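Participant: predicted coordinates and the sequence they were generated for:
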Amino acid sequence: MKNWKFASFIEVDKEFRVEGLNIWNHYWHCYDRNVEVLHPTKHHQYRFKEYEIRTQEKSVNFVAGEFSDGQIGIFLRDELQEGIL
């Protein structure tokens with residue numbers, strides 16, 4: 001099971017990079033998978049979708065969704081908890 005950590009609140013079309021890729025410049029492949037995350041300040045639980053961006057060089061995954069207050073949140077894999085780092 002993947003662990004996810006909050007990365008940032010983002011704005012539509014404002015540059016945000018994951019592993020060097022601006023997410024707004026690529027198609028987001030949506031996995032039919034709900035991921036439970038917590039709002040970073042209010043600690044309410046949400047279910048957001050996992051997405052993947054693919055280029056010829058690499059693939060990156062992230063979780064994204066809109067909170068009830070209208071902010072968009074991005075979550076990235078928590079590699080430390082997963083023992084990758």
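Facilitator: Received the coordinates, thanks.
Participant: low pLDDT regions in this structure?
Facilitator: 1, 79-85 (pLDDT under 70).
Participant: strands of that one, start to end?
Facilitator: With DSSP state E as the criterion, the chain has strands at 4-10, 17-18, 21-22, 29-38, 45-54, 59-66, 72-77.
Participant: let me have these in TSV, extended by mean neighbour count.
Facilitator: Where C-beta positions appear, they are placed from N, C-alpha and C, glycine not excepted. What follows is these, written out as TSV (neighbours: other CB atoms under 10 Å):
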stretch	mean neighbour count
strand 4-10	16
strand 17-18	15
strand 21-22	14
strand 29-38	13
strand 45-54	16
strand 59-66	18
strand 72-77	19
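Participant: tell me what I74 is bridged to.
Facilitator: Bridge pairing for I74 (DSSP bridges) gives the partners S8, A64.
Participant: so it makes contact with K5?
Facilitator: No: counting by CB atoms under 8 Å, I74 stays clear of K5, with 10.2 Å between them.
Participant: list the contacts for I23?
Facilitator: 10, 16-17, 53, 62, 74 (CB atoms under 8 Å, 6 or more residues apart in numbering).
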